[in-house]
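[1] build the 3D model from these lines:
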Amino acid sequence: MCYATFFAIIYQDKVTSKSREGSTIKNHVRINEEIRNSEVRVIGSDGQQLGLMSSAKALELAREADVDLVEISPTADPPVVKIIDWGKYQYQKMKEPAKNHKKPRANELKQMRLGLKIGANDLDIKIRKIKKFLQDGYRVKIMIVFKGREMAHKEIGNELMDKTLNLLGDEIAIDQTPQMAGRNLSVSIRRK
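    Residues are numbered from 1 along each chain as shown. Below is the predicted model:
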């Protein structure tokens, strides 16, 4: 036996053992005839509860509506089934994680660091980035970093902070007034 055939057999055995364990196969949702329970709780396509009935009668109602009977909660007693379009149900389940990911980011904090010697064009670019973060729903912490002997000129840092906040306009709300923390002057802002 050649090595390629040997490794193919071992690989095939690993794939089948994984599928037997259930680690690669997701939980199977039963639809239509796969629902074996004699009695089920039925929810209509409009979300209204139709009550307890036999699975054969529920399947008949689904066929009349030209949709599928899908088992929503198999562990309930009796199991809960819904009369819906199977393709639409799968699509909604697939999109659910993406929708949860796009929730507002009001609790997340972005940070923008500025130096005392920042040029006008660089400041404009930083302001644009801050506005973009605010539009995306983030809170932003603006930090002015003092290096070396710049600590002797804190008034220049305060002027730069005031200028930055004025350039951002009236669309911001200041969560915390500007304050010194070590060698940094920082302020936390959010969108109104």
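[2] please count neighbours and contacts with C-alpha atoms only from this point.
    OK.
[3] against which helices or strands is the host helix or strand of Arg63 packed?
    Arg63 is part of helix 55-64, with elements assigned from DSSP states H and E. With contacts taken as 3 or more Cα pairs under 8 Å, 6 or more residues apart in numbering; DSSP states H and E, helix 55-64 sits against strand 39-43, strand 68-73, strand 80-84.
[4] need the contact partners of that helix.
    32-33, 35-40, 42, 68-69, 83-84 (Cα atoms under 8 Å, 6 or more residues apart in numbering).
[5] report the two of these separated the most.
    Pairwise distances across these peak at 19.8 Å for Ser38 and Ile84 (criterion: Cα to Cα).
[6] who has more neighbours out of those two?
    Per other Cα atoms under 10 Å, whichever of Ser38 and Ile84 has more neighbours is Ile84, with 20 against 11.
[7] what distance do you get for the more buried one to Asp136?
    35 Å (Cα to Cα, to the nearest Å).
[8] show me where pLDDT drops low in the protein?
    Filtered on pLDDT under 70, the chain yields the residue ranges 1-27, 101-106.
[9] how does it look with 80?
    1-29, 33, 36, 45, 47, 89, 97-107 (pLDDT under 80).
[10] for it, just list every one of the strands.
    39-43, 49-54, 68-73, 80-84, 109-115, 139-145, 172-181, 184-191 (DSSP state E).
[11] so which of those strands gets nearest Lys126?
    strand 109-115 (7.5 Å).
[12] strands paired with the closest one, and their directions?
    strand 139-145 (parallel) (DSSP bridges).
[13] mind listing what's buried in the strand it pairs with?
    139-145 (16 or more other Cα atoms under 10 Å).
[14] need these in JSON lines (columns: distance to Ile125).
    Shown next, in JSON lines, are the buried residues of strand 139-145 (distance: Cα to Cα, whole Å):
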{"residue": "Arg139", "distance to Ile125": "18"}
{"residue": "Val140", "distance to Ile125": "15"}
{"residue": "Lys141", "distance to Ile125": "16"}
{"residue": "Ile142", "distance to Ile125": "14"}
{"residue": "Met143", "distance to Ile125": "15"}
{"residue": "Ile144", "distance to Ile125": "15"}
{"residue": "Val145", "distance to Ile125": "17"}
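[15] export the strands of the chain as a markdown table, with columns for distance to Met161.
    Formatted as a markdown table, the strands of the chain follow (distance: least, Cα to Cα, whole Å):
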| stretch | distance to Met161 |
| --- | --- |
| strand 39-43 | 58 |
| strand 49-54 | 59 |
| strand 68-73 | 55 |
| strand 80-84 | 57 |
| strand 109-115 | 9 |
| strand 139-145 | 7 |
| strand 172-181 | 8 |
| strand 184-191 | 8 |
